[in-house]
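Peer 1: fold the following for me, if possible:
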Amino acid sequence: MKLSQAAGLQLLLAIDIGNTNIKLGLFCGGSLIKFSIALADSHLFGEGLGELIRQNAAAEKITAAMVSSVVPLLTGQICSALRPYLTGELHIVSHRTNTGLSYSLHHPERLGADRLVAAAWAYHHFGAPSAVIDFGTATTISVTGHSGVFIGGAIIPGLRTMARAFSEHTAALPLVELAMPLSALGKDTREAIISGIVYGTAGAVSRIIYEIEMEIGYNLKIAITGGNMPLIVPCLERVDVAEPDLLLKGLKQIYERMRQAWM
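Peer 2: The predicted model follows:
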């Protein structure tokens, strides 16, 4: 869909449909209003969005919307619920979107839209090769090399995904509420699980970044994001930017790039 060439953006809605939550960001000028709904409550999306607009945007309709989704079965449903509030264009991010990146992958069409958006934000933020570590349902590492080429990455289970796996696939290990480890030496089962998951993930991420940099022959700027980020950031050796709203801001950045291309 060709982007409109209206003089000014009134209200941009960025939507990140993830495996656990649907996150929304309303951008109006320099301000960001955030809203989140559990994936299990996706049927309430339209009602929640309407209330958010009434409370925070003086019932003004949305000028444009950008959608990143890793749940294809919900994408159409969310877009349909959005339509009554939208006066302008709607764009669903894919590998064909003008993000400023190119790809050195076997199947770029299979790349998760969230990883694509995150990599585009980080590369343009740093202006240099970068890696984004997203601590969500899965912990993903997305790497962009020189000249904005997405060159690959890694995926491991997310922190809470690991915690649930212990509970669901063992007879005696409990489901624990994750927290910052008190010590690497857990003094009971709960502490041992927390230490293993948090320090284990931090160690895995550090080792993967090290191995990637050895493979490509240069250092990367590191950006981190995701719902589990606060739990693990103190345990990480290298962080250049910690940005909880990275995906929402990435969608806004991509929209502005696309809009400029049509002017």
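
Peer 1: what segments of the stretch 1-150 of the chain are strands?
Peer 2: Assigned by DSSP state E, counting those that start in this stretch, the stretch 1-150 of the chain shows strands spanning 12-17, 21-28, 31-38, 64-69, 90-92, 102-103, 130-135, 138-144, 149-157.

Peer 1: what residue ranges in the stretch 101-250 of the chain score low on pLDDT?
Peer 2: Across the stretch 101-250 of the chain, nothing is flagged by pLDDT under 70.

Peer 1: mind checking the longest helix of this protein?
Peer 2: The longest helix of the chain (DSSP state H) is helix 189-216.

Peer 1: helices and strands around the following helix or strand past that one, which ones?
Peer 2: Later in the chain than helix 189-216, the nearest helix or strand by DSSP states H and E is strand 221-225. With contacts taken as 3 or more Cβ pairs under 8 Å, 6 or more residues apart in numbering; DSSP states H and E, strand 221-225 sits against helix 113-126, strand 130-135, strand 241-242, helix 246-261. Quick note: C-beta positions are derived from backbone N, CA and C, even for glycine.

Peer 1: for residue 196, find the nearest of the ones you listed.
Peer 2: Taking Cβ to Cβ, strand 130-135 is the member of these nearest to residue 196, at 15.9 Å.

Peer 1: and the angle for that closest one with helix 189-216?
Peer 2: Strand 130-135 runs at 160 degrees relative to helix 189-216, counting by axes from the mean of the first three to the mean of the last three Cα atoms, to 10 degrees.

Peer 1: strand 130-135 vs strand 149-157, what angle?
Peer 2: 20 degrees.

Peer 1: mind giving me the packing neighbours of strand 130-135?
Peer 2: Packed against strand 130-135 by the contact rule (3+ Cβ pairs under 8 Å, 6+ apart) you find helix 113-126, strand 138-144, helix 189-216, strand 221-225, helix 229-232, helix 246-261.
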